[in-house]
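Engineer: Need a 3D model of the sequence below.
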Amino acid sequence: MGALNVARQLGPGLIITAVIVGSGELIVTPKLGASAGFQLLWFIVLGCLLKVFVQIELGRHAVAHGQTTLAALDGLPGPRLRVSWVLWLWLLMYGSLVFQVAGMVGGVASIFSIAGLPLPVPATAVLVGLSCALLLVIGRYRFVEAVSTLLVAAFTITTMVAVIALQWTPYAVTSAQLVDGFRFHLPPSFNVAFAAFGIIGVGASELIYYPYWCLEKGYARRVGPNDGSPAWGERARGWLRILKIDATLSFVLYTSATVAFYVLGAAILHGKGLAVEDANMIETLSQMYRGTFGPWSLWVFLVGAFAVLYSTVFGATASNARLFADALEVFGLRRYESAEARTRMVRLGSILLPLAFTSVFLVFGNPVSLVFVGAVGQGLMLPFLALAALHFHTFQTDPALRVGRVFTACLAVSAVAISAAGVYQVAQQLGALMP
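Structural biologist: Residues are numbered from 1 along each chain as shown. Have a look, this model is predicted:
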């Protein structure tokens with residue numbers, strides 16, 4: 001995933017989001033830097049920025065209407081076959097995420113193999129999937145969340161320090177490279193760039209998860225149903241201000257982390273002529289640390305990479321299990337008589353999903369390729385989410401929650417730019433298929 005947003009309760013009236021670096025930052029961003037050098041640095045920053053406005057708007061809709069993302073998407077205009085056409089597209093993306101998480105499971109298993117665990121990689125992958133399912137079913141989410149957040153925060157800070165330390169190595173970044181990085185370049189092949197665009201920062205899956213966490217952590221409950229009163233508008237505006245602060249702080253943190261990983265990939269991996277491929281993925285990525293700090297830093301990288309990938313697998317499973325339960329109801333396949341019945345279905349999803357992505361890795365292997373399947377799926381879903389957010393903003397925003405023209409313009413530009421990236425990718429693929 002990209003920067004996985006995990007909502008955390010910090011006080012009686014304050015909820016903010018902790019940003020966790022995911023597979024987009026650790027795998028796909030360095031891969032893009034390794035292949036393109038510094039020339040797509042602008043694309044990385046823009047990719048992180050564009051999705052902030054979509055995130056805020058989807059969060060605003062959830063808080064104001066008390067609707068989950070899938071329920072909101074089901075209300076969009078257009079053809080319906082049991083549910084809205086957009087949900088069928090989402091279902092394809094949801095399936096692609098199984099491949100993406102399978103790739104991360106393979107990455108975790110590879111880390112243990114490099115660390116010297118005397119087990120075959122497939123056996124280790126099975127243990128990773130089982131541990132994830134077990135911890136979620138017995139309710140150890142907060143413990144894993146707290147530990148992984150600390151480890152990933154330390155790893156992210158270390159990565160930023162590595163960028164500074166890079167200046168005292170043969171791979172020092174020059175001002176000319178940075179200037180070149182912010183010129184408008186597009187690579188001959190857009191595949192890797194588009195995959196990175198789909199999952200860096202707030203990816204498509206995180207945009208869908210975010211309203212769920214807002215609802216689960218009490219934003220909408222504290223606002224209450226819209227009774228048209230001035231008090232409701234005041235409460236809603238107050239919580240939406242917190243949501244905007246949350247999204248802005250998250251943007252600053254995950255953009256800084258993403259740029260750090262990209263710079264290391266562009267400077268060291270590109271400088272050494274290394275490519276991030278399925279074979280020796282973790283070994284190659286570790287060169288970003290070893291090329292900066294020296295050979296001893298391999299263990300630091302392994303611990304950090306484990307924290308990033310395992311916490312992302314864990315968080316993605318928790319989020320996708322909620323989507324699994326919600327989708328059954330939205331698609332009309334299940335009705336829940338109580339909150340406990342929904343919780344039981346979430347727990348079932350927490351078992352089925354690890355079984356699915358572990359099986360996919362055992363069948364296909366190739367962690368980088370698997371992550372790319374999910375990344376491209378997310379990238380193709382992004383335009384529809386952006387346009388949905390623009391529709392909610394234009395037609396379903398209560399007058400009491402109207403925002404200024406600047407935000408509206410930024411949201412419109414984001415929707416157009418995200419859609420253009422999706423169209424460009426499809427056009428490139430069609431062009432490659434044509435004789």
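
Engineer: Give me the below-cutoff pLDDT ranges for the protein.
Structural biologist: 1-20, 140-141, 429-435 (pLDDT under 70).

Engineer: how far away is the spatially closest residue to Val63 that is not a sequence neighbour from Arg241?
Structural biologist: Nearest non-adjacent residue to Val63, counting by Cβ to Cβ, 6 or more residues apart in numbering: Tyr219, 4.7 Å away. (Each C-beta comes from the backbone N, C-alpha and C, glycine too.) Separation of Tyr219 from Arg241 (Cβ to Cβ, to the nearest Å) stands at 11 Å.

Engineer: Could you check which of those two has the larger neighbour count?
Structural biologist: A direct count of neighbours by other Cβ atoms under 10 Å for Tyr219 and Arg241 places Tyr219 higher, at 25 against 10.

Engineer: mind listing what the more buried one touches?
Structural biologist: When contacts are counted by Cβ atoms under 8 Å, 6 or more residues apart in numbering, Tyr219 is found next to 15, 59, 62-63, 239, 242-243.

Engineer: What segments of the stretch 51-200 of the chain are strands?
Structural biologist: Using DSSP state E, counting those that start in this stretch, the strands of the stretch 51-200 of the chain run over 80-81, 83-84.

Engineer: hmm, back to that, and the contacts of Tyr219, which are buried?
Structural biologist: When the contacts of Tyr219 are checked for burial by 16 or more other Cβ atoms under 10 Å, the buried set is 15, 59, 62-63, 239, 243.

Engineer: got CSV for these, with distance to Thr69 too?
Structural biologist: Converted to CSV, the buried ones among the contacts of Tyr219 look like this (distance: Cβ to Cβ, whole Å):
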residue, distance to Thr69
Ile15, 18
Gly59, 10
Ala62, 7
Val63, 12
Trp239, 18
Leu243, 15
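
Engineer: quick one: which of the residues you listed is nearest Gly422?
Structural biologist: The closest of these to Gly422 turns out to be Gly59 (Cβ to Cβ; 22.1 Å).

Engineer: residues contacting that closest one?
Structural biologist: Neighbouring residues of Gly59 by Cβ under 8 Å, 6+ apart: 210-211, 214, 219, 240, 243, 247.

Engineer: again, 7 Å this time
Structural biologist: 210-211, 214, 243 (Cβ atoms under 7 Å, 6 or more residues apart in numbering).

Engineer: before we move on, what about Trp239?
Structural biologist: Contacts here follow Cβ under 7 Å, 6+ apart; on that basis Trp239 touches 63, 219, 222-223.

Engineer: at 6 Å instead, please
Structural biologist: 63, 219, 223 (Cβ atoms under 6 Å, 6 or more residues apart in numbering).

Engineer: again with His270
Structural biologist: Neighbours of His270 in contact, by Cβ under 6 Å, 6+ apart: 34, 37.

Engineer: could you check the distance from it over to Phe38?
Structural biologist: For His270, the distance to Phe38 - Cβ to Cβ - is 8 Å.

Engineer: about what we covered before: among the contacts of Tyr219, which one lies nearest to Ala325?
Structural biologist: The closest of the contacts of Tyr219, once distances to Ala325 are taken by Cβ to Cβ, is Ala62, at 16.6 Å.

Engineer: doesn't Pro211 make contact with that closest one?
Structural biologist: Yes. With contacts counted by Cβ atoms under 6 Å, Ala62 reaches Pro211, the gap being 3.4 Å.

Engineer: Select from the buried ones among the contacts of Tyr219 every entry located in helices.
Structural biologist: 59, 62-63, 239, 243 (DSSP state H).

Engineer: Can you pick out the most distant pair from the buried ones among the contacts of Tyr219?
Structural biologist: Ile15 and Ala62 (12.9 Å).

Engineer: Skipping adjacent residues, who's closest to Glu283 in space?
Structural biologist: Ile114 (6.6 Å).

Engineer: For burial, what's the neighbour tally of the one you found?
Structural biologist: Ile114 has 16 neighbouring residues, counting by other Cβ under 10 Å.

Engineer: what does Leu355 give?
Structural biologist: 13.

Engineer: ditto for the one 4 residues further on
Structural biologist: Ser359 has 15 neighbouring residues, counting by other Cβ under 10 Å.
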